[in-house]
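From the sequence below, what's the structure:
(2 chains)
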Amino acid sequence: MTAAKKRRPRFPGLRLLEALATPHGIDRYLELVHPMLTIRGVRGEVTRVHRTTADTVTLTIRPTRRWAGFTAGQYVRVSVDIDGVRRTRCYSPATSQHTRGRFELTIKAHEQGLVSRWLHRNAKPGLILHLSQAEGEFTLPERRPEKVLLISGGSGITPVLSMLRTLADEGHTGEVVFLHYAYTEADVPCRADLLELTGKHPNLRLLLAYTDADDGDLSGFFDHTHLRKAAPWHAEAHTYLCGPPGLMAGVREVFADLGLLDRLHTEDFAPAPITVDAADATGDVTFVRAGRAAPNSGQTLLEQAEAAGLTPDNGCRMGVCFTCTTVKTAGCTRDVRNGELSTDPDVEIQLCVSVPVGDVAIDL
Amino acid sequence: MSRTTPTLTPEQYEELGRDLDALRQRVLDDLGEADRKYIYDIVKVQRALEVAGRGLLFAGFFPPAWIAGVTALSLSKILDNMEIGHNVMHGQYDWMRDPAMNSKMFEWDNVAPAENWKHSHNYIHHTYTNIVGKDRDIGYGVLRMDEGQKWRPYYLGNPAYAFALMLFFEWGVMLHDMEVDRLMSGEKKWSETAGVRRRIWHKSVKQVIKDYVLFPALTGPQFVSTLVGNAAANLIRNVWAFNIIFCGHFPNGVETFTEEETKNETRGQWYYRQMLGSANISGSPLFHIMSGNLSHQIEHHLFPDIPARRYPEIAPEVRAICAKYGLPYNTGGLTKQLRSVAKKIFKLALPDNLRGKPAQPPAGTVGNGRALRAA
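Sure, this is the predicted structure:
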C-alpha cells in the first residue's frame, strides 16, 4: 500500500505546459509523438512475451514514469483497444514488488475471455497497454508473518507468486509453503522459475497438486489431508488464497471447520456464481435516462440493464474494477458479495454486484 | 409557413421510423477499428496543424510565416471544434470507451464550456429541433429566424445582430446557455445561472490566457503579432462555424413546428421533424470534414450519436427514404444555402405586414395533415 501512496515529484514547468495545452492536456499531444511519452497517464510497453504453458502468456511490462509500483498481491487494470473498443481487465503482477522498472503479468486465455484471448494471440514486444495504478487489499502485512502458506489454483497463481518472490527477495527466514493446484504438470505457469526459486531457498517449499494426474506432490482437490501434508503448522501461519470458485470454497470450508477463518486471506479473482432466487425478486427496475423499466428479475443490475437492451460500461463483472459504477437515484440494493444493503438515494453503486430489493431507479 | 410537404398516415410514420431505425442499427453494428482510426487521424492532423501554427507565429515578423501560422491555427481550431469537438461531445465515440474521446470528458478549444453547450445543444436543440418556442437555436434568443417569432421593432437590427454574432460566434455560443433573453424578461432568475456562470468563468479565463497572454508572451518581441494572429485564427473559426451552422436549419424550405402539433410525437414523427427541419450543404469530401460533417445536417439530426464519418456513407439511403415517402431532402451548394439564409435574415427584420403578408399566419396553415396526427 505504501508504494501506491508515493508520488514522484511533479515535472518542472508542468503547470505552464498544461496551460499551453488547455483544454486537451499535455498528454494528448505527447502521445502522438510516442505513446510512452505521457506525463500524467500510466502506460506500459510490453518488452518480452513468453509462453510457459499452452494457454497462458507471460508479458514483461515496462511502465511509464508515473507508475508508483505495487505491493505483492495487488492488481492493476489493464486496457487494450480491440476492434476500436477499449477493454479493461484486472491482472495481478506475478513479479516481486522489489523489482524496479518492470513487472510481469501471466494471463490465462479463458475460453470466453475476449481480452485474455486477444492478448494471448496478439501480444508482442512493443505493444502499449493502458494501466491503472495498482489497487487491492489482498496483501501481506507490513510486518511479515513468520510462517506463510500460499494457496492458488489455475491463473490465481499470480498474486501469491508475487508474494513468494517478494518474500524471497526480502530474505525472509520463516517457513513459506507454496501450494498450487493445476490439472496437470503442463498447466503450471512459470514452473521452471518456481523450481529454481524454491531450490535456492531452503525455507521455501513448493507443492504442486494435480487434479487430473497422479505425478504431483499431491493429487485431487484440497482437503484436510492436503493441508496437513503441506503445512502442519497452518494454525500458527497466515494463509493467502487465490483461485477458482471451487478451490476457494473448499479451502474456506476446511478453515471454517478448524476455526481458522481469521488467518485466511483471500482474493476472489473469478466471480463466484451469484445465486439469487427469482421468486424473492420484487418490484421494478427503472433505467431513468433510457426511460425504460422492467420487473426485477433477481439478477444483478448489470445483467438486468443488459437484458433491457442497455450497454452500461463494465469490466470485471465481479465488483473489482468499478467501471460499472453508476448512481442509484432511488430504492434499496443488496451487495451480493456480503449481503450489505444500500438504502440511501443518489449514491454510487457497482451494478455488477448489486441486486435490487424492491423498486430501484438507476441513472442509466 | 404554408406547407406543401406531404404529411403521412400513421402507418407511414410507423414505417418511416422502422426504416430509419434499421439503418441506424446497421451502422451501429458495423462500428469498429476503422472509426477509431478515423477520429484519431483527424486528431493527429488537428494537433499537427496547431503545433505548426503556434510555431510559425514565432517567426511572425516574416509575413508569409505569419499568414501560414494563422492559416494552420485557424484550420486546427475549425477541426477541433467541428469534426472533433462537436461530434465527440455528441457521444459519437462513447462506444470506444476511451476517456480521451468520451462525451463526458471532452473539452474543445473554444470559450464555451462543454458542459453548458451539451445542455443547450444536445438536449434542447436536438430534442426540440425547430419547435418554435422550445428550440432556442431558432435565432439563439437574439435573431428573428422564423415567422412564428412575433415581430418587434428590436428585430429591425436583425442583419446587424447576425453580423456581430458571426464575428463573436464563440462568445455567443458561450453566452447561449445563460438564456439572456429569458433573464431580461424575468422568466429566469439570475441565481439559476450560478453553475453556468461558474463554468463559463473557469473555461473562458483559461482560453483567454492561452491565446492572448501565454503564447504571445512566449514569442517575446512578437507579442503583438502573435496576439493578433491568435485573434485572427479565432475570428476565422467564428466566421466559418457561423456560416456552416446557419445553413443547417435556416435555408428556405426548412420547416418549423409548433409545440401543439409535436405533442405526443411518435418515433417516426420525430424522425419526420428532424428531416424536414434540417438542410444539407453539398461539397467535396474535404469540405464535409472541415464542416464537421454538419453539411450532412439531415443525417446528423436523424442520428446525432453515430460517428459523423458515416453520414456521407448513409446519405444516399436517407435520400432514398425521403423519396419513398415523397418528403423533400433539402440540399444545395454553400453559396445557394447562404444566400437563402441571408435573405431570410433581412426579410424577417421587417414586420410581416410590410411584406404584404397578414400579421398573423391564418390558423390552419400549420400543416392540415399534421394537425391530424397531433390529434
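
now the residue of chain B positioned farthest from its centre, what's its secondary structure?
In chain B, the residue that sits farthest from the middle, by Cα atoms, centre = their mean, is residue B:221; the gap is 38.4 Å. Under DSSP: H, G, I helix; E, B strand; the rest coil, residue B:221 falls in the helix class.

For it, give me its contacts.
residue B:61 (Cβ atoms under 8 Å, 6 or more residues apart in numbering or on different chains). C-beta coordinates here come from the backbone N, C-alpha and C atoms, glycine included.

Please see if the helix or strand containing residue A:20 touches chain B.
According to DSSP states H and E, residue A:20 maps onto helix A:14-21. Yes: interface with chain B: helix A:14-21 contributes A:16, A:19, A:20 (Cβ under 8 Å from any Cβ of the partner chain).

Give the rounded mean pLDDT of the next helix or strand after that helix.
Sequence order places helix A:27-33 as the next helix or strand after helix A:14-21, per DSSP H and E. In this model, helix A:27-33 has a mean pLDDT of 93.

Could you do stretch B:350-366 as well?
Averaged over stretch B:350-366, pLDDT sits at 58.

Just want the phi and psi numbers for whichever residue of the stretch 51-200 of chain B sits closest to chain A.
Closest contact between the stretch 51-200 of chain B and chain A, by Cβ to the nearest Cβ, is at residue B:107 (3.6 Å). When quoted as degrees, to the nearest 10, the phi and psi of residue B:107 stand at phi -120, psi 150.

Please tell me how far the closest residue in space to it that isn't next to it in sequence sits from residue B:275.
Take residue B:107 and drop its neighbours on the chain: the residue closest to it by Cβ to Cβ, 6 or more residues apart in numbering or on different chains is residue A:23, 3.6 Å away. Separation of residue A:23 from residue B:275 (Cβ to Cβ, to the nearest Å): 34 Å.

State whether the residue nearest to residue B:107 and residue B:108 are indeed in contact, as I suppose.
Yes: checked against Cβ atoms under 8 Å, the pair residue A:23 and residue B:108 is within contact range at 6.8 Å.

Which one's more surrounded, those two?
Taking other Cβ atoms under 10 Å in any protein chain shown, residue A:23 and residue B:108 do not tie; residue B:108 has more neighbours (23 against 19).

Helix, strand, or coil at the closest residue to that one other than its chain neighbours?
In this structure, residue B:108 finds its nearest non-sequential neighbour in residue B:85, 3.2 Å apart by Cβ to Cβ, 6+ apart. Classification of residue B:85 using three-state DSSP returns helix.

what's the neighbour count on residue B:85?
With other Cβ under 10 Å as criterion, residue B:85 counts 23.

and what of residue A:211?
18.

Enumerate the residues of the stretch 151-300 of chain B near chain A.
Taking Cβ under 8 Å from any Cβ, the part of the stretch 151-300 of chain B that reaches chain A is made up of B:203, B:206, B:207, B:209, B:210, B:214, B:215, B:218.

Report the contact partners of the closest residue to the fifth one other than its chain neighbours.
What it means is residue B:210. The shortest distance from residue B:210 to any non-neighbouring residue, by Cβ to Cβ, 6+ apart, is to residue A:22 (5.4 Å). By Cβ under 8 Å, 6+ apart, the contact set of residue A:22 is B:206, B:207, B:210.

Checking my notes, the first one in a strand, right?
No: counting by three-state DSSP, residue B:206 falls outside a strand, being helix.

so it makes contact with residue A:21?
No: contact criterion Cβ under 8 Å: residue B:206 and residue A:21 do not qualify, at 10.6 Å.

For the nearest residue to residue B:243 once chain neighbours are set aside, grab phi and psi.
Leaving aside its chain neighbours, residue B:243 sits nearest to residue B:338 (6.2 Å; criterion: Cβ to Cβ, 6+ apart). Dihedral pair for residue B:338: phi -70, psi -40, per degrees, to the nearest 10.

one step back: if any of the residues of helix A:14-21 next to chain B are buried, give me the PyMOL selection for them.
Applying 16 or more other Cβ atoms under 10 Å in any protein chain shown to the residues of helix A:14-21 next to chain B leaves a buried subset, and the PyMOL line that selects it is:
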select buried, chain A and resi 20
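
Nothing else from me, thank you.
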